[in-house]
Structures are given as structure tokens and as C-alpha cells.
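> how would this look folded up:
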Amino acid sequence: MKNFLAVLSFFLVFGFTSRAQEGIPVYFDYLADNYYLVYPSMAGIGEGGKIRLTARKQWFNVDEAPSLQTLNAHFRVGERSGVGGILFNDSNGYHSQVGFKGTYAHHLRLGGDFRTLNQLSFGLSAGVILSSLDETEFRSVIPDPIVSGVKNTTSYFNADFGVSYNLWEFYAHAAVLNILGSGRDLYTAAEFDNLRRYLFSVGYVFGKSEWRVEPSVLLQLTEFTEEKTVDFNAKVYKDIGDNTTLWGGMSYRRSFDGAQFQQNGSFGEQRLQLLTPIIGVNWGKWLFSYNYSYQMGDIRFDNGGFHQITLGYDIGQERQNRYDCYCPAANY
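This next block holds a predicted model:
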């Protein structure tokens, strides 16, 4: 029983604050050429457009396990503007949220001709989120005045702001998510209303031949809980023919903060650690990728991992209009 309580406490405290986020959780879909889902400034980054559909499922053998689906599209408009939109559905047990975001981005070309990628970008997303708590299946021998017994739904607005700089194969991004700080108001108990998160990432694509390597780092900070996590990523690309590229990589996510637990009479501390291999292929204008996240550590909720697939399609930007660089986020 003590071991069970230790595990339960670990996931209620550590797992909830890391996973049950308002807005779109930041998983590893950005590695599937899907940076716009994280950074508004990447809307219309190239001379064309991109569509990305993602689906993520955790713990197949656990009822009401977390799942996430997103659909986003973004396009270049004119010489300096980009627009985009995101739809998402996120569910975790009896709590769920659906939302929409619309984005406008402005791109400043800092030098060179149209084939030179030297661009500073700013993006702003605004949207509405419907957050729900389904209490229809809550049962208690003694009636609890806090439990309403119905499905409670509330809505709120929020906004994201991002900045990106792309220079040939180098890129750097920063974003503030949930700028307004407002959040759901579903429970009778007091809730915090600061949902702001800060993201920073940097990366570079090495190699000019059919083989290329792309290391990158993403740092994520949550203001209210003061949580900090970092992703160390590495991807390898291999060109096959004129219109097919195979790629794969690995991501390692680690939290700076740990959660204490008790097991077999002894105390310990465990940090969130996720190891995520990812594979994918770009075939013409199509993209497909799959990643699997495995949680490491002595205390785990389930032996299963987190599965995610991404399906994408690129629009526009003929070959003669691409930038003279190996920059998959900008060359469609």
C-alpha cells in the first residue's frame, strides 16, 4: 500500500504538472518538420505552405489515457507575411480541451537575394480554448458538494508570441506561450491563473552532401511551477534520388527538477527522463514520421510508451524558388 501511495503521489504531483498543461502540450512533434506548432514566427517561413496532422497516444492498455490530435496549416502571403491556423483536441482522463489558434507572422529579409535565407521573423497567435471536466461518472457513497455530477465546460482566450532567426542552415527560436496567463475555471477550489511558458531552441544542419546531421536543443520553462526541461536532439538525413529523403534521430528530455518518493522504506528523487527515437521520410511533397517516447526511471506508471505519428503535405515553392541551403523547415 505504501508503494502504491508513493507511485500515486509521484504522478499526481510530478506527472500532472508536466503533462496536464493548458493549451497544446510541447511533445516531440516539432522534430517532424513541424516547428510552427510550437513557434508562431514559423508561419509561412518559406515560399509556400505546409499542412501537418499529428496523433499521439499514451499507454494503450490504460483506460482514459492521455491522447492528443492536432491539425495545422501555414502559408506565405506576399513577400513578407505568413498566416496559419491550428486545431487541436487533447484529452487526459476526465479532463479534455479543444481549441483553435490563428496566426500572423512577419518576415524581414536581412540580406541577399530571394535564394538567400537570412530572415528575422515575428509571429503572434491568438485563439480560444474550450476546457471540460466530465463528472458524470463520479460516484460517492456520501454526496460530495464539490462534485456537480455533470460535464462542466468553460472557455477562455489566450495568445502566443514568437521570434525566429534563420541564416542558411542555422536557426534559433524563442516563444512565450499563453501570454495572457488566463486559464480554465472548472473547479470550485482555487485555481492558479498563470499558464505562461517560455521556449528557446537552437540548431544547425551540418553537411552538404547526401548525408546531413542536425543537432538541436530546446529549453522549456513554466513560470508558475518554475519547472524547467531541456531536449537534446540529433537527426540524420539521407537523400535517395531527387525527391526522397529518409531521416531518423533521437531526443532526450530531462527535467531540472525532481520529485521525491518513498519505496521499500527508503526515500529517493526522480527527474523526468524521456528517450524518444524518431524516424521519417519525405517523398515528394509528402511527409510521414513516427516517434516513440520511453520514460526512464525507477517509478513508472506503465511499461508502455507514448506513440505519435505525423502526416504532412507541402504546398507551393517550386524547386527553382527554394533557398540555397539544407534547411528543411524553410525549403518545402
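
> contacts and neighbour counts: CA atoms only from here.
OK.

> Run through the helices of the stretch 1-150 of the chain in chain order.
For the stretch 1-150 of the chain, applying DSSP state H, counting those that start in this stretch gives helices covering 2-10, 16-19.

> and the gap between residue 179 and residue 315?
As judged by C-alpha to C-alpha, to the nearest Å, residue 179 and residue 315 stand 31 Å apart.

> same thing with residue 50?
Distance from residue 50 to residue 315, by C-alpha to C-alpha: 6 Å.

> Next, show the common contact partners of the two.
Here residue 50 and residue 315 have residue 332 as joint contacts, going by C-alpha atoms under 8 Å, 6 or more residues apart in numbering.

> Going by secondary structure, residue 238 is in what exactly?
Counting by DSSP states H and E, the element that carries residue 238 is strand 228-240.

> all strands of the stretch 51-200 of the chain, in order?
Residue ranges of the strands in the stretch 51-200 of the chain, as given by DSSP state E, counting those that start in this stretch, are 67-77, 81-92, 95-109, 118-134, 151-167, 170-177, 197-204.

> would you turn those strands into TSV with distance to residue 290?
Listed next are the strands of the stretch 51-200 of the chain as TSV, based on distance: least, C-alpha to C-alpha, whole Å:
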stretch	distance to residue 290
strand 67-77	14
strand 81-92	19
strand 95-109	23
strand 118-134	27
strand 151-167	26
strand 170-177	23
strand 197-204	21
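
> Neighbour count: residue 50 and residue 315, which is higher?
The neighbour count for residue 50 versus residue 315, taken as other C-alpha atoms under 10 Å, is higher for residue 50 (27 against 16).

> any idea how far that one is from residue 155?
When distance is defined by C-alpha to C-alpha, residue 50 is 29 Å away from residue 155.

> for residue 287, what are its contacts?
Residue 287 is in contact with 280, 281, 310, 311, 312, 313, counting by C-alpha under 8 Å, 6+ apart.

> Flag the shaky bits of the stretch 151-300 of the chain, pLDDT-wise.
182-194, 258-270, 297-300 (pLDDT under 70).

> about what we covered before: closest one to residue 98 out of the contacts of residue 287, please.
Proximity of the contacts of residue 287 to residue 98 (C-alpha to C-alpha) peaks at residue 310, which lies at 18.9 Å.

> show me what contacts residue 85?
Here residue 85 is in contact with 72, 73, 74, 100, 101, 102, 103 (criterion: C-alpha under 8 Å, 6+ apart).

> Run through the residues that contact residue 210.
Per C-alpha under 8 Å, 6+ apart, neighbours of residue 210: 237, 238, 239, 240.

> what do you get if the cut-off is 10 Å, keeping everything else the same?
Contact partners of residue 210, counting by C-alpha atoms under 10 Å, 6 or more residues apart in numbering, are 237, 238, 239, 240, 241, 245.

> Buried ones among the residues you listed?
Among those, the ones that count as buried by 16 or more other C-alpha atoms under 10 Å are 237, 238, 239, 245.

> how near is the first one to residue 327?
Same thing as residue 237. 11 Å.

> Now do the shared contacts for these two.
In contact with both residue 237 and residue 327: 205, 214, using C-alpha under 10 Å, 6+ apart.

> what's the neighbour count on residue 225?
By other C-alpha under 10 Å, the residues close to residue 225 number 14.

> for the one 10 residues further on, same thing?
Burial of residue 235, expressed as a neighbour count using other C-alpha under 10 Å, amounts to 19.

> Based on its surroundings, how many neighbours for the nearest residue to it once chain neighbours are set aside?
Nearest non-adjacent residue to residue 235, counting by C-alpha to C-alpha, 6 or more residues apart in numbering: residue 249, 4.0 Å away. A count of nearby residues for residue 249, using other C-alpha under 10 Å, gives 19.

> Pretty sure residue 249 sits against residue 281.
No: with contact defined as C-alpha atoms under 10 Å, residue 249 and residue 281 do not form a contacting pair (11.9 Å).

> Now for the two: what residues contact both?
Contacts common to residue 249 and residue 281, judged by C-alpha under 10 Å, 6+ apart, are residue 237.

> who's in contact with residue 248?
Per C-alpha under 10 Å, 6+ apart, neighbours of residue 248: 31-32, 213, 234-238, 277-281, 289-291.

> between those, which has the most around it?
With neighbours defined as other C-alpha under 10 Å, the most crowded of the contacts of residue 248 is residue 32; it has 26 neighbours.
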